[in-house]
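Asker: Sequence and predicted structure are below.
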Amino acid sequence: AQSVTQLDSHVSVSEGTPVLLRCNYSSSYSPSLFWYVQHPNKGLQLLLKYTSAATLVKGINGFEAEFKKSETSFHLTKPSAHMSDAAEYFCVVSVDTGGFKTIFGAGTRLFVKA
Amino acid sequence: EPEVTQTPSHQVTQMGQEVILRCVPISNHLYFYWYRQILGQKVEFLVSFYNNEISEKSEIFDDQFSVERPDGSNFTLKIRSTKLEDSAMYFCASSLDRGRTDTQYFGPGTRLTVL
């Protein structure tokens, strides 16, 4: 079975400090991995995705994530948090099991303090 | 930048009533989806739709639910005889293609409250 675990339900950082949002997955199939962000009253916006090319993926707004197969992880990082980064972040796995499955993590709410 | 839109943003209904949630996918996309998120729980896949028919559905998507593309732009989710446990945020999404690498673009969601 496929699953996604976001290890922190809430993360709080100060503006200008690094951000780390953790995601682990479990899959018997080759996964694609996505990070989405949701700001209040907005749709889920794609930050970045991994689809089996480069393991270090750069996304929008200075975010990046590294696919580590040995650790089954796809953690999201940003060197310096900005107030506008405060939002809910979702790690998502997509696999082809003969039918396509899209599995969401529970989400991590990022708080950014001034 | 093209967006997926959803209406209404909030819907309150009485138990047993029928509701229709509406979505306008991105115009050149071919695949459409509905997801739901019950408060405090994960986002769950409900159904995918392609070429005017359901291509995949989860065990949640039972006879109470139906989807339709009534015209060239709208994609709807109908819930018949709503139950308290149908209260959730419902997200519509669309994609150009359907594969594990294809990006789904999500709308802002409709919050459904069943009283």
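Answerer: Done, it's in.

Asker: Name the helix or strand of chain A that has the lowest mean pLDDT.
Answerer: strand A:100-104 (a mean of 88; mean pLDDT, DSSP states H and E).

Asker: Pairing partners for that one, with directions?
Answerer: strand A:87-96 (antiparallel) (DSSP bridges).

Asker: could you give the mean pLDDT of the strand it pairs with?
Answerer: For strand A:87-96, the mean pLDDT works out to 93.

Asker: got the CA coordinates for it in CSV?
Answerer: Below are the C-alpha coordinates for strand A:87-96, written out as CSV (Å, rounded to 0.1, in the frame of the first residue of the first chain):
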residue,chain,number,x,y,z
ALA,A,87,0.5,28.7,4.7
GLU,A,88,-0.5,25.0,4.7
TYR,A,89,1.9,22.7,2.8
PHE,A,90,0.9,19.3,1.4
CYS,A,91,3.2,16.5,0.3
VAL,A,92,1.6,14.3,-2.4
VAL,A,93,2.6,11.0,-3.9
SER,A,94,1.3,9.8,-7.3
VAL,A,95,1.8,6.2,-8.5
ASP,A,96,0.7,4.0,-11.3
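
Asker: re the thing from before, next one: the least confident helix or strand of chain A to chain centre, how far?
Answerer: Offset of strand A:100-104 from its chain centre (Cα atoms, centre = their mean, to the nearest Å): 14 Å.

Asker: Over to stretch B:17-28?
Answerer: Remark: stretch B:17-28 is offset 7 Å from the chain centroid, using Cα atoms, centre = their mean.

Asker: near chain A at all, that stretch?
Answerer: No. Using Cβ under 8 Å from any Cβ of the partner chain, stretch B:17-28 stays clear of chain A, coming no nearer than 10.5 Å. Just so you know, the C-beta spots here come from the backbone N, C-alpha and C atoms, and that holds for glycine as well.

Asker: The residue nearest to the spatial centre of chain B sits in which helix or strand?
Answerer: In chain B, the C-alpha nearest the mean C-alpha coordinate belongs to B:Trp34, at 3.0 Å (Cα atoms, centre = their mean). Here B:Trp34, judged by DSSP states H and E, is contained in strand B:31-37.

Asker: how about chain A, which residue sits the furthest from its center?
Answerer: A:Gly98 (24.8 Å).

Asker: what sits against it?
Answerer: By Cβ atoms under 8 Å, 6 or more residues apart in numbering or on different chains, the contact set of A:Gly98 is empty.

Asker: likewise the one 10 residues further on?
Answerer: When contacts are counted by Cβ under 8 Å, 6+ apart, A:Thr108 is found next to A:6, A:8-11, A:21-22, A:88-90.
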